[in-house]
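Novice: please find the sequence and the predicted model below.
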Amino acid sequence: MLKEFRVSNFKSIKKEQVFTMEACPKTVVSEYPEHVINIEKESLLKISSVYGPNGGGKSNLFKALETFVLVALQIQVFNDSIKNENYFPNLYAKNKNTCFTIFIVRDNYEIGYSLTLDLNNMQQIATFSHASQFGWVVDVSIIEEEMTCRKLNETSFSTIYKRNEEGIVA
């Protein structure tokens, strides 16, 4: 279950922004207890929403999550709309790295995965045709990648692995 997503230096999102599924104190959500999942000492929302003014960055938050998934999983997209609509221009402030971090809860553990990317050299590679459409893979420079884990009743995370441009360092 998604607990939290963090992003910085992506499109209109310059400073780190956090989307969390953590429930507010019980006084705020007590009228909707069916919307809260309690795991150990964590209270997480089953659903959430994003709202704000036009041009406030709502769509960019979801594009950031989509880009994170595309890069992390190296998903092939069977649609050339990414290339044709110039999906990736102005995604970042040049000379700064883009950072994504996601936290999920599973089996009484919280797992964190973060990527720090240099999007200056980003490319899209056409891989093969599927139903008359090209499959695109996003190729970016991963500056740092880290996976952490903790039991939900503990306060500190343990590093599962950490990798930078030189290889695995922890």
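Specialist: The structure has been received and is ready for your questions.
Novice: packing partners for the top helix by length along the chain?
Specialist: When the chain is parsed with DSSP state H, its longest helix is helix 58-73. If you count contacts as 3 or more C-beta pairs under 8 Å, 6 or more residues apart in numbering; DSSP states H and E, helix 58-73 packs onto strand 2-8, strand 98-106, strand 109-130, strand 133-151. For the C-beta atoms, the positions are set from N, CA and C on the backbone; glycine is no exception.
Novice: how about it: buried residues?
Specialist: Residues of helix 58-73 classed as buried by neighbour count (16 or more other C-beta atoms under 10 Å): 60-61, 63-65, 67-68, 70-71.
Novice: how many neighbours does residue 40 have?
Specialist: Per other C-beta atoms under 10 Å, the neighbour tally for residue 40 reads 13.
Novice: need phi/psi at it.
Specialist: For residue 40, the backbone dihedrals (degrees, to the nearest 10) come out as phi 50, psi -120.
Novice: residues in contact with the closest residue in space to it that isn't next to it in sequence?
Specialist: Closest residue to residue 40 apart from its sequence neighbours, by C-beta to C-beta, 6 or more residues apart in numbering: residue 152 at 3.8 Å. Applying C-beta atoms under 8 Å, 6 or more residues apart in numbering to residue 152 gives the contacts 39-42, 105, 108-110.
Novice: please apply the same query to residue 143.
Specialist: Counted by C-beta under 8 Å, 6+ apart, residue 143 has contacts 97, 116-118, 164-165.
Novice: neighbour-wise, give me the winner out of those residues.
Specialist: Most surrounded of these: other C-beta under 10 Å gives residue 117, at 25 neighbours.
Novice: in this structure that one contacts residue 141, no?
Specialist: Yes. Between residue 117 and residue 141 there is a contact at 6.7 Å, judged by C-beta atoms under 8 Å.
Novice: pass me the low-pLDDT residue ranges in this protein, would you?
Specialist: For the chain, applying pLDDT under 70 flags the ranges 25-31, 75-95, 120-139.
Novice: repeat the analysis, applying 80 as the threshold.
Specialist: 24-33, 41, 70, 73-95, 119-141, 170 (pLDDT under 80).
Novice: make TSV from the contacts of residue 143 and add distance to residue 148 to it.
Specialist: As requested, the contacts of residue 143 are exported to TSV (distance: C-beta to C-beta, whole Å):
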residue	distance to residue 148
97	19
116	14
117	18
118	22
164	15
165	20
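Novice: tell me which of those residues is nearest to residue 10?
Specialist: Of all the contacts of residue 143, the one with the least separation from residue 10 (C-beta to C-beta) is residue 117, at 9.4 Å.
Novice: quick check: bridge partners of that closest one?
Specialist: Beta bridges link residue 117 to residue 98, residue 142 when assigned by DSSP bridges.
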